[in-house]
Each structure stands twice: as structure tokens, then as C-alpha cells.
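>>> Dropping the sequence and predicted coords here.
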Amino acid sequence: MDTIASLFSFITTPVSWVIVQFHKLYGALFGDDTGWAWGLSIVSLVVLIRICLIPLFVKQIKSTRNMQVLQPKMKAIQERYKNDKQRQSEEMMKLYKETGTNPLSSCLPILAQSPFFFALYHVLSAIASGKTIGVIDQPLLDSARQAHIFGAPLAAKFMDSEEKVQALGASLTDVRVVTAIMIVMMSASQFFTQRQLMTKNVDLTVKTPYMQQQKMLMYIFPVIFAVMGINFPVGVLVYWLTTNVWTMGQQMYVINQNPTPGSKAQDQYLGRLLKSVTSHGEVRGRTRRNTVKRIVAKGTDRNDIERKFITGLAKLGLAAQDDGTVAKSEAAVLEAEGGTAAKRQQPKRQTKAKRHTTATHPGTAKDSGSESKTSLEKRDASQDDKPKPAGKPAASGSSRQAKSGQRKGPQRPKHPSKK
């Protein structure tokens, strides 16, 4: 531990200075020697560090999403060049370069936070040993050794002996109960953070080894924190529990406001967005407009959740615009209702006789009844226009028309029995 402390000694003084400044503020409110003053100083140190790391956290989110999108392509490269590791590595680096993805970006917040963590650990270890460090002089050292958080000294550990704990003015039972509760809370917050990432913010339509890896980490990380936690001072447990809770809240906000495409979180987000548009008739907020803008830009590449959102807008008579706003559209209503205006009416099924007539005499099947009637009328009119021979009376119209079911021409005389 001395070797690690020497590696991070350059940051020990700044960390101790920040703690002392926050201690002056909280000491005026709760008292200089109280656990609240020193505990809240550590919490404030975490908040300050995490605010400074927000840009790295944004890069981490983007890198994680890019890695999720690239998983199918990466798997294809591994299968294609499974016997050539060098070519496989070259193709992987080429893919990262083309897409602008850095695999190490997902680890940046943890790596950037590590120096502060080890510096704080070294400061608290020095307090437990009764040594001054950084800007913490002897009066501040004595004050920190008297500070207790729920009965546990700031520098006490779960594995400390009873003599060491009594030297800090506390009982071993209080120290172990407090540290055990904090270790469980620390592990539980880590598990919940990873779980909500896996269950809500992952594209479930893509099954890749990356998802299996994240699922394993969901169970491995809490175990690691539990094993390491028994060797952490109470002050470090406060630090790590605070940073876990911050990460959980920060990730929850990102999932709710900018979810991964195709995930359960995106379905819930677009559902809320559709309700908001239904209530107000417009897309409110720049973040939401940017979301709609990205969906419109995808065109035919939209996933099922995004297509459902566009259909929901269409049923309201609205259409998403290129700038992320919505506008009224009657065509969108017709399209959502099934496109009745654009659908062609299917012709009625013809009988077998009509299909036979159509095949034998093309063009005569359509409106056969009306056409035959028209042709009869024309034939009768032409016969009426012909000059009649003199001396013969004009035949009546009824005699010219053939009776139904009677053959034309001379009729055969009926049988005497039928007269």
C-alpha cells in the first residue's frame, strides 16, 4: 500500500485541502469534531469529483452504445478471421477507426476517479495511524480521529482488532455493524446500477457476447466490492457508497432521457413523449425535439419502437418534421388508418360461366347485360328504319320479338294430345 500511496502522493495534498475546506463549512453548522462535519466533507468531495467527470461520463455512454451497435460486425470479423489473429486485430482497429469508437472510453470515469480514491484512502489511513498528511495538521488530525459516523470512527475498518478500535474510542460491535451495512448498501447499489443497464438500456433484438459479458459483470462487481470493502476504512466506504449512488442516479437519468435505440427504455420514453404530444399538440423541449429529429432522419432504418411512435403520431393527425417538430397532416391519418385512399378496390369474383365467356370472347364479359340490351335496341331501331313493302301490314312489335324459350322460324305443330 505504501507503493501505491507514493504513486498517488501528487494528488494527496489537493484531496486533503478540499476536505479541509468543506470541513470548515460543515464544522460551523454541526461542530468541528462531529461525524457529520467530516462525513459530509467526504460526500461533497465525491460530488465535486463526479461533476468534473461528467464529460467523461458522456463519452462513456457514447462509447458503450457504439460498442453495442458494433457487436454484430465484430462477431462477423472474429468468425471470418478466427484462424488469423493478426488480421482479426487489424480489422477490429479498422472498424474502430471508421466508426470513431474507443473501447477504453467506457473505463474512463473509473480510471480518472482512481487517483482520488487512492489519495483519500491514504489520507484516512494516515488519520487512523495518527500521522499528519497534506494540509491536515495535528489539530485537524485530532478532530478527525474523534469523528464517528453512527458510532464508527472515520478511520476504522471491519477487519480491525478490538484494541485498535478501542484506541479510536469505539466498540468493535459498532464498527462491524456499521461497516457491514455500508458494504451491503455499496454492493447492492452496484448491482442495481448494472441491472438497470442490462434490463432497460440494451437493444434486446441483438444477441451478442457483449451482453453476456455485461450480465456476468452484474454479479461479479458486487462480490468484488464486498470482498474489498472489509479492508476499507469507514471514510472510504462513505466515499464509495456515495459515488455508487451518484452513478446509479446519473445512469437512471440518462436511461430515461436518452435511451438506447431498440431497448425497453426507449419504448417507455417514446410512450411518454407521445402522451406529451397528445396533451400539448407539440414536442416540448430541445432534447425531445432532437430525439424526434433523429427518428425522422433514420427513414426506413427505424426500429419497431420508432415505427410505432410515428404511427401513433399519424393517428393523431400529426407528422414528424425534419427539425423535430410535428405538424398536422391528413395524409398521415389516412396512412395510419390503413391507407384507404391509396388502396385499390378488389374486383368481385366472377362466376365460372363468365370466366368461360371472357376466355372465348374477350371483351364481351364486361357489362354483358347492358351491352346485349343496347345491341337489341339498336337492331330494332334499324329494322324500324327500313322501308316496309307495300300491301303487307306492319307486324306488331310483339310479333317481331321472339318469345322467351321459343325457337325462331316455323314452329312444329303441337301433338294432338297436347291441344
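Thanks, I have it.

>>> Enumerate the beta-bridge partners assigned to residue 328.
residue 318 (DSSP bridges).

>>> wait, it sits on residue 318?
Yes - in this structure, residue 328 is within contact of residue 318 by Cβ atoms under 8 Å, at 6.2 Å. For glycine as for every other residue, the C-beta is placed from the backbone atoms N, C-alpha and C.

>>> Which neighbours do these two have in common?
Between them, residue 328 and residue 318 share no contacting residue under Cβ atoms under 8 Å, 6 or more residues apart in numbering.

>>> out of these two, which sits in the busier spot?
Legend: neighbour count by other Cβ atoms under 10 Å for residue 328 and residue 318, higher for residue 318 (24 against 11).

>>> Could you tell me how far that one is located from residue 238?
50 Å (Cβ to Cβ, to the nearest Å).

>>> Excluding sequence neighbours, find me the nearest residue to residue 162.
Distance criterion Cβ to Cβ, 6 or more residues apart in numbering; nearest residue to residue 162, sequence neighbours excluded, is residue 172 at 4.6 Å.

>>> Could you measure from the one you found over to residue 299?
Taking Cβ to Cβ, one finds residue 172 at 66 Å from residue 299.

>>> The two: which is more packed in?
A count of neighbours by other Cβ under 10 Å puts residue 172 above the other of residue 172 and residue 299, at 16 against 7.

>>> For stretch 137-149, which outside residues touch it?
20, 23, 32-35, 37-39, 127-128, 130-132, 136, 153-155, 168-170, 178, 234, 238.

>>> Narrow those to those in helices?
20, 23, 35, 37, 38, 39, 127, 128, 178, 234, 238 (DSSP state H).

>>> what pLDDT does the last one get?
In this case it means residue 238. As predicted, residue 238 sits at a pLDDT of 91.

>>> In the stretch 51-200 of the chain, where is pLDDT below threshold?
Residue ranges of the stretch 51-200 of the chain with pLDDT under 70: 64-65, 67-69, 71, 102-108.

>>> Tell me the pLDDT of residue 327.
pLDDT for residue 327: 89.

>>> ok, now residue 307?
90.

>>> what about it, neighbour count?
Using other Cβ under 10 Å, the number of residues around residue 307 comes to 13.

>>> Which strands or helices does the helix or strand hosting it pack on?
Residue 307 is part of helix 304-315 when elements are defined by DSSP states H and E. Helices and strands touching helix 304-315, as assessed by 3 or more Cβ pairs under 8 Å, 6 or more residues apart in numbering; DSSP states H and E, comprise helix 264-280, helix 286-298, strand 318-320, helix 330-336.
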